[in-house]
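1. output the structure for:
(one chain, ligands or ions: 1)
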Amino acid sequence: MTKICPACGAEAFDGDLECSFCGSKIIPVSLSFQQREDVSQLIQDLNQLMIKEKKRLLRQTDLVSIAVWFFGIVLILIAGMLLDSNNIHLGLLTFSAMVLLIWRSYRRKCLVNGLIRFFRKETEPQIREITDRLMLPCWQFDQMAARELKEDDLLRKFMFFRSLPRK
Ligand SMILES: [Zn+2]
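-> Numbers count the residues shown, from 1 in each chain. Just a heads-up that it's a prediction; the model follows:
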């Protein structure tokens, strides 16, 4: 009889401890109560860390957008005064609408890029540290995270990036 490697899905023979295809452990590592608690705590902490970073990124892009909008308005007002233009209201409105449009896509782009960077730089090394220390296969950590977190929790959404090739 054969079984399936939880890491890569290749077939493995009964009695194999490691997958001959990807090298991952096939049998879950048994953890002590304290080790299990440590992993759960880390998963919760990392998720909170990512939520904090998300808020920081949004705040940062909003501040930049407000600054751009504000200086633009000031410039238009000055130009309006210098040129003695009657179209200043139209100029202010058009400019504000433009900033609003750009702000929405800029915000989304900064958030996604920023969170990916944060995940690779801050989150992933901590996951690797604990899986290395407890000799935990990645798929077992993923299973624990899936149990620990809700489906829409930020960390869970980013977990799959680990299997993507790194630049
Ligand atoms: Zn495998």
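2. shaky segments in this protein?
-> 1, 160-167 (pLDDT under 70).
3. what's the separation between the residue nearest the centre of the chain and E122?
-> With distances taken as C-alpha atoms, centre = their mean, the residue of the chain nearest its centroid is L115 (3.8 Å). Separation of L115 from E122 (C-beta to C-beta, to the nearest Å): 10 Å. Glycine gets a C-beta too; all of them are placed from N, C-alpha and C.
4. what of E37?
-> Distance of E37 to E122, computed by C-beta to C-beta: 22 Å.
5. over to L46?
-> With C-beta to C-beta as the criterion, L46 and E122 are 8 Å apart.
6. more crowded one of those two?
-> Shown here are L46 and E122; by other C-beta atoms under 10 Å, L46 has more neighbours (22 against 13).
7. pretty sure the more buried one is touching D153, no?
-> No. If you go by C-beta atoms under 8 Å, L46 and D153 don't touch, sitting 10.1 Å apart.
8. what's the burial count for the closest residue in space to L31 that isn't next to it in sequence?
-> Spatial nearest neighbour of L31, excluding adjacent residues (C-beta to C-beta, 6 or more residues apart in numbering): L134 at 6.5 Å. By other C-beta under 10 Å, the residues close to L134 number 17.
9. distance of K109 from E37?
-> 38 Å.
10. tell me who's in contact with F71.
-> Counting by C-beta atoms under 8 Å, 6 or more residues apart in numbering, F71 makes contact with nothing.
11. helix or strand for it, which one?
-> helix 33-83 (DSSP states H and E).
12. how far does whichever helix or strand comes after that helix sit from its chain's centre?
-> Downstream of helix 33-83, the first helix or strand assigned by DSSP H and E is helix 88-118. Centroid separation for helix 88-118 versus its chain: 20 Å, with C-alpha atoms, centre = their mean, to the nearest Å.
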